[in-house]
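Trainee: model this:
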Amino acid sequence: MNKALFAALEMLESEKGIPKDYMFEKLEAALVNVEEVTPHYMIVVDRVNNLDTLEIQVELNSKYYTDEIRGIEKLTAKIGHVIQQALGLSAKIKIVQPGTLKRSEGKAVHVIDNRKLY
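Mentor: Predicted structure coming up:
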């Protein structure tokens, strides 16, 4: 986890009493309820035109693999709605092919921060 995100989570815990792992637990619980995807995900934080963006990459379950655009768009909307309901925030959802997201042997890394903060 990057330092900026960790600091933000520390602040939420100390000021609001929200545990640091809350977002990850809620996200994982939400994804478990979507049978078309695996529980593997990656959160990508970026900055576009001075605004922070949030993208959640989820891995498609191999038995639901399709190259049909309409099916992928429908699933993307479904996942976005599930995450909105679980976390109370909206994010860009990117569905990736099965086996695409890196597996970790130790503690899983779920956040990539691409922002250039000066």
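Trainee: packing partners for the helix ranked longest in the chain?
Mentor: Ranked by number of residues, the top helix in the chain under DSSP state H is helix 69-87. In terms of contacts (3 or more C-beta pairs under 8 Å, 6 or more residues apart in numbering; DSSP states H and E), helix 69-87 is packed against helix 22-32, strand 51-60, strand 92-96. Any C-beta I mention is one placed from the backbone N, CA and C, and that applies to glycine too.
Trainee: any idea of the angle the first one forms with helix 69-87?
Mentor: Angular relation of helix 22-32 and helix 69-87 on a 0 to 180 degree scale: 140 degrees, by axes from the mean of the first three to the mean of the last three C-alpha atoms, to 10 degrees.
Trainee: over helix 22-32, what's the mean pLDDT, rounded is fine.
Mentor: Averaged across helix 22-32, pLDDT comes to 83.
Trainee: how far is that helix from where the chain is centred?
Mentor: Taking C-alpha atoms, centre = their mean, to the nearest Å, one finds the center of helix 22-32 at 9 Å from the center of the full chain.
Trainee: elements contacting that helix?
Mentor: Going by 3+ C-beta pairs under 8 Å, 6+ apart, helix 22-32 lies up against strand 37-48, helix 69-87.
Trainee: thinking again about what came up before, of the helices and strands packed on helix 69-87, which is nearest residue 41?
Mentor: With C-beta to C-beta, the closest approach to residue 41 among the helices and strands packed on helix 69-87 belongs to strand 51-60: 5.0 Å.
Trainee: name the residues that touch the closest one?
Mentor: When contacts are defined by C-beta atoms under 8 Å, 6 or more residues apart in numbering, strand 51-60 is touched by residues 27, 31, 34, 36-38, 40-47, 75, 79, 83, 89, 91-101, 115.
Trainee: those residues, buried ones only, as a PyMOL selection?
Mentor: Here is the PyMOL command that selects the buried residues among these (16 or more other C-beta atoms under 10 Å):
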select buried, resi 27+31+34+36+37+38+40+41+42+43+44+45+75+79+83+91+93+95+96+101
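Trainee: residue ranges in this structure under the pLDDT threshold?
Mentor: 1-18, 20, 104-109, 117-118 (pLDDT under 70).
Trainee: good, we can wrap up now.
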